[in-house]
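>>> sequence-free structure coming up:
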């Protein structure tokens, strides 16, 4: 999670990545395929999961944080750009 300054500079907003231990995620961990967990998070929104980039994109779309700040805090700026404009991630 990250606590980022708001657009107007008067406060901060929490931005959180959420991983839910679904049977699929547990299986990935058990089989030492942890590199696939991020993909499971991308497709697991129905279970309440979200990646940091999707959370950052949502805060940008809501006008809570700046696009520049989100890009600086993103681990994958290209994916973040796609999420901000609403394109599906490949």
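Cool, the structure landed. Note that the structure is predicted; figures quoted are calculated from it, not measured.
>>> Could you use CA atoms for every contact and neighbour count after this?
Noted.
>>> those strands in the chain, which residues are they?
Secondary structure of the chain, counting by DSSP state E: strands at 2-5, 12-15.
>>> which stretch among those strands comes nearest residue 67?
Closest approach to residue 67 among those is made by strand 2-5 (12.0 Å; C-alpha to C-alpha).
>>> Give me the buried positions along the closest one.
4, 5 (16 or more other C-alpha atoms under 10 Å).
>>> Who are the packing partners of it?
Helices and strands touching strand 2-5, by 3 or more C-alpha pairs under 8 Å, 6 or more residues apart in numbering; DSSP states H and E, are strand 12-15.
>>> what residues does the strand it packs on touch?
Contact with strand 12-15 is made by 1, 2, 3, 4, 5, 6, 52, 55, 56, 59, 64, 65, as judged by C-alpha atoms under 8 Å, 6 or more residues apart in numbering.
>>> Could you single out the nearest of those to residue 27?
Residue 27 lies nearest to residue 52 out of the contacts of strand 12-15, by C-alpha to C-alpha, at 22.1 Å.
>>> among the strands of the chain, which is nearest residue 69?
Nearest of the strands of the chain (C-alpha to C-alpha): strand 2-5, 8.3 Å.
>>> what stretches of the protein score poorly on pLDDT?
Scanning the chain for pLDDT under 70 picks out 87-90.
>>> Can you show me the helices along the chain?
Assigned helices in the chain, in chain order: 23-30, 37-43, 52-61, 67-73, 77-85 (criterion: DSSP state H).
>>> which one of those helices is the most hemmed in?
The highest mean neighbour count among those, using mean count of other C-alpha atoms under 10 Å, belongs to helix 52-61: a mean of 22.
>>> between that helix and helix 77-85, how many degrees?
40 degrees (axes from the mean of the first three to the mean of the last three C-alpha atoms, to 10 degrees).
>>> What helices and strands are in contact with helix 52-61?
Judged by 3+ C-alpha pairs under 8 Å, 6+ apart, helix 52-61 is in contact with strand 12-15, helix 67-73, helix 77-85.
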